[in-house]
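A.B. asks: only the shape, not the letters, is given here:
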């Protein structure tokens, strides 16, 4: 379940915070809706890449009701059961254009890339790409194809005047996935900012709870700090015999926030 966001920056600007969040099968229940937006409201972010949205219209409606009337959602008009897209605050960003890239739909049920061009009142220009890759260890061959497709999309949209940032849930379930992440970073001149992130969510393979690190952030020429939030921050990455309540109530993923600062002065994690 991968969401990738690419942000392109026109000039040296103040820092901003962007987020990626896989909200499992949204909306599963009213309590999930409440918990998801309580979490988003606590993050002080103006842009969220989301995946596993089953009802996009309700998602945007709930965002406007719970976060504020200025929030909007952009994503594909149709597609598979799980949709993806960008939720953003119009008080902080204006949408200039949106596009759908189908190169990553290499299997039945695959998701396209969602691109959204946004501009902040300060003049900051963002070019956002959201990707949701194939899940599971058996999906590695498909993910290889999707990485290749993403690489092509990023190269096609490269702009020397802008800075690229990639956020998302890469479904990195094997060592080979981390090699693909590293290769993507190297061949697109990006920095893999979440390389050492301990976990971004939980799963229950049986009577135990385990953590995983599927969600990652890459950036070009940016000092940045990426953090797994929600229970990954408060509960930790060693859940032992039970997962946190958040896992059952809201999602098996934690939101991951990244504070982007042009230049290399900010601490890296």
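C.D. replies: Looks like it came in fine. No experiment lies behind these values; they were computed from the predicted model shown.
A.B. asks: residue 211 looks like it's in a strand, true?
C.D. replies: Yes: secondary structure of residue 211 (DSSP: H, G, I helix; E, B strand; the rest coil): part of a strand.
A.B. asks: how close does it sit to residue 236?
C.D. replies: Distance of residue 211 to residue 236, computed by C-beta to C-beta, to the nearest Å: 8 Å. To be clear about C-beta, it is placed using only N, CA and C from the backbone, and glycine gets the same treatment.
A.B. asks: and what of residue 134?
C.D. replies: Between residue 134 and residue 236 the computed distance is 28 Å (C-beta to C-beta).
A.B. asks: which one's more surrounded, these two?
C.D. replies: Set side by side, residue 134 and residue 236 show more neighbours around residue 134, with 22 against 13, by other C-beta atoms under 10 Å.
A.B. asks: so the more buried one, which state does it fall into?
C.D. replies: When classified by three-state DSSP, residue 134 comes out as coil.
A.B. asks: now find how far off-centre the host helix or strand of residue 51 is within its chain.
C.D. replies: Taking DSSP states H and E as the criterion, residue 51 maps to strand 47-53. Mean-position distance between strand 47-53 and its chain equals 6 Å (C-alpha atoms, centre = their mean, to the nearest Å).
A.B. asks: and the longest strand seen in the chain with strand 47-53, angle?
C.D. replies: Identified as the longest strand of the chain according to DSSP state E is strand 16-26. Counting by axes from the mean of the first three to the mean of the last three C-alpha atoms, to 10 degrees, strand 16-26 lies at 10 degrees to strand 47-53.
A.B. asks: next, count neighbours for residue 120.
C.D. replies: 18.
A.B. asks: show me what contacts the closest residue to it other than its chain neighbours?
C.D. replies: Spatial nearest neighbour of residue 120, chain neighbours left out: residue 93 (5.5 Å); criterion: C-beta to C-beta, 6 or more residues apart in numbering. Counting by C-beta atoms under 8 Å, 6 or more residues apart in numbering, residue 93 touches 46-47, 118-120, 126.
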